[in-house]
Each structure stands twice: as structure tokens, then as C-alpha cells.
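Asks: fold the following for me, if possible:
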Amino acid sequence: PADSNDDADPWLNQNGTDVLPSALLFDAPMLERYILLCAQDVHGGLRDKPSKPRDFYHTCYNLSGLSLAQHYDRTQEHYGHTTEGKVHRTHPCYNIRVDRVKIIMDHFSKL
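Replies: Okay, the predicted model is just below:
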């Protein structure tokens with residue numbers, strides 16, 4: 001489950017303005033619903049579409065899309081359980097969890 005209190009918000013730049021445009025070119029709740037209902041394989045992992053097999057590539061990028069859909073617009077309703085069904089926020093550039101990016105940045109800033 002996702003932490004409710006991350007240290008940094010990757011969707012904001014240093015002066016606090018949005019990095020991504022305010023009007024996304026997709027429907028975030030519908031993307032979340034598609035990933036949760038159609039992209040999941042019953043044996044684990046995620047796939048491109050229901051007729052395709054699961055694979056690591058599509059699992060990775062489906063999880064990134066799910067993170068974006070669940071965390072970008074906090075005003076919209078989300079599909080499923082509001083806290084237990086959420087994935088962690090992923091950094092939009094590094095495609096890993098935001099809390100891990102902070103740990104890595106802290107480590108390398110000390111070198």
C-alpha cells in the first residue's frame with residue numbers, strides 16, 4: 001500500500017508549480033479502472049490487453065500508469081479501496097518510487 005505522506009512531490013517543480021499540464025490527455029479514473037480490471041493476469045503480473053500474456057515490460061509500465069492515475073489528480077474519485085488499493089507514487093523521470101529516489105539522491109549528494 002502507498003504511504004500517505006511522501007517527503008517530496010515529483011509532480012511539482014522547485015517553485016511549487018505543476019510539472020505536468022493541468023489538463024491530462026486521458027481520463028485518470030478510467031485508466032486506473034482499465035489497469036485493475038483488464039490488464040491484470042489471474043496468475044500475477046500485468047499485460048498490454050486482455051488477449052495478450054503478462055510480461056515484465058507491461059507490468060512495469062502498467063504500474064507506472066496506475067501510479068499516475070491514482071496520484072496526479074487527488075480531487076477525482078478512484079476505483080476500488082481508497083487507501084489499500086493504491087500503489088506508491090513513482091517519480092515521473094526515474095520510474096521508481098519517490099521515497100527511493102530521495103534515498104538515492106541523498107546518498108549521491110554526499111559523495
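Asks: using CSV, list the CA coordinates for the helix ranked longest in the chain.
Replies: For the chain, the longest helix by residue count, based on DSSP state H, is helix 56-71. Only the C-alpha atoms of helix 56-71 are listed here, as CSV (Å, rounded to 0.1, in the frame of the first residue of the first chain):
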residue,chain,number,x,y,z
PHE,A,56,7.7,-7.7,-17.1
TYR,A,57,7.7,-4.8,-19.5
HIS,A,58,3.9,-4.3,-19.4
THR,A,59,3.8,-4.9,-15.6
CYS,A,60,6.3,-2.1,-15.1
TYR,A,61,4.6,0.4,-17.3
ASN,A,62,1.1,-0.5,-16.1
LEU,A,63,2.2,0.1,-12.6
SER,A,64,3.6,3.5,-13.6
GLY,A,65,0.3,4.4,-15.3
LEU,A,66,-1.6,3.2,-12.2
SER,A,67,0.6,5.4,-10.0
LEU,A,68,0.0,8.4,-12.3
ALA,A,69,-3.8,7.7,-12.4
GLN,A,70,-4.0,7.3,-8.6
HIS,A,71,-1.8,10.2,-7.5
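Asks: now for it, which elements pack on it?
Replies: Other elements packing on helix 56-71 under the criterion 3 or more C-beta pairs under 8 Å, 6 or more residues apart in numbering; DSSP states H and E are helix 28-34. C-betas here are computed from N, CA, C, even on glycine.
Asks: got the buried residues for the longest helix of the chain?
Replies: 58, 59, 62, 63, 64, 65, 66, 67, 68, 69, 70, 71 (16 or more other C-beta atoms under 10 Å).
Asks: can you give me how far stretch 86-93 is from the chain middle?
Replies: Chain-centre distance of stretch 86-93: 4 Å, with C-alpha atoms, centre = their mean, to the nearest Å.
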